[in-house]
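Enquirer: this one's sequence-less:
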């Protein structure tokens, strides 16, 4: 299946105010002409489909819902606590070292979390931004309290900034970009904040 339309739509929604989003958009556009997926397909769960069909969801959600991809639990760390807290999450890495299209410059993909779930404090050398596409999530950055985010909002995490997120009664779907040191070698998961 050709992924050209999806890659271009995601590139168009990334903002040009942040260098990380400009880089992500550029990499998506470069890969768009040859981007395709022929692998295993696993469906996206009903909670994600439901929030992506809501009126306030970004229009790209319809395209995501109709694109057959291999949705799976992220495997960023082998830490037992990380693994335990990952079963409520889904993702597809579109660009990156393990992505559908190889990139050494960015990790970029789609990422969501089920309702009433929490993904604890973590740090990593990569700069990161999440752009919310559908649903709701509370994001915690550094020592700040959790802040609610809905479609169209962003959570930007400079290199090594501790961050976490949680959901309440809705799932969420987002697009994420990692830039800089995109290896997972120095990814540290600290668990659910007390």
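Expert: The structure has been received and is ready for your questions. Just so it is clear, the structure is predicted and the values come from calculations on it, not from any experiment. Residues are numbered from 1 along each chain as shown.
Enquirer: hey, let's count contacts and neighbours off CA atoms from now on
Expert: Will do.
Enquirer: What is the least confident helix or strand in this protein?
Expert: In the chain, no helix or strand scores lower on mean pLDDT, DSSP states H and E than helix 80-84, which sits at a mean of 94.
Enquirer: following that helix, which helix or strand comes up?
Expert: Sequence-wise, the next helix or strand downstream of helix 80-84 (DSSP states H and E) is strand 89-96.
Enquirer: in that next one, what's buried?
Expert: Within strand 89-96, the residues that qualify as buried by neighbour count (16 or more other CA atoms under 10 Å) are 89, 90, 91, 92, 93, 94, 95, 96.
Enquirer: And residue 68, which helix or strand is it part of?
Expert: Counting by DSSP H and E, residue 68 is found in no helix or strand.
Enquirer: Check the gap between it and residue 83 for me.
Expert: 25 Å (CA to CA, to the nearest Å).
Enquirer: who's more crowded, the two?
Expert: Shown here are residue 68 and residue 83; by other CA atoms under 10 Å, residue 68 has more neighbours (18 against 15).
Enquirer: close enough to count as contact, that one and residue 38?
Expert: No. Residue 68 is beyond contact range of residue 38, at 9.3 Å (criterion: CA atoms under 8 Å).
Enquirer: Quickly list what's touching both of those two.
Expert: residue 1 (CA atoms under 8 Å, 6 or more residues apart in numbering).
Enquirer: And the buried residues of strand 89-96, which is closest to residue 21?
Expert: Among the buried residues of strand 89-96, residue 95 lies closest to residue 21 (CA to CA), at 13.4 Å.
Enquirer: Which positions in the longest helix anywhere in the chain come out as buried?
Expert: Counting by DSSP state H, the longest helix found in the chain is helix 19-32. Within helix 19-32, the residues scored as buried using 16+ other CA under 10 Å are 20, 21, 22, 23, 24, 25, 26, 27, 28, 29, 31, 32.
Enquirer: Dump these to TSV, plus pLDDT and distance to residue 178.
Expert: Listed next are those as TSV, based on pLDDT from 0 to 100; distance: CA to CA, whole Å:
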residue	pLDDT	distance to residue 178
20	98	8
21	98	9
22	98	12
23	98	10
24	98	8
25	98	12
26	97	13
27	98	12
28	98	13
29	98	16
31	98	16
32	97	18
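Enquirer: Between which two of the residues you listed is the distance greatest?
Expert: Taking CA to CA, no two of those sit farther apart than 20 and 32, at 18.1 Å.
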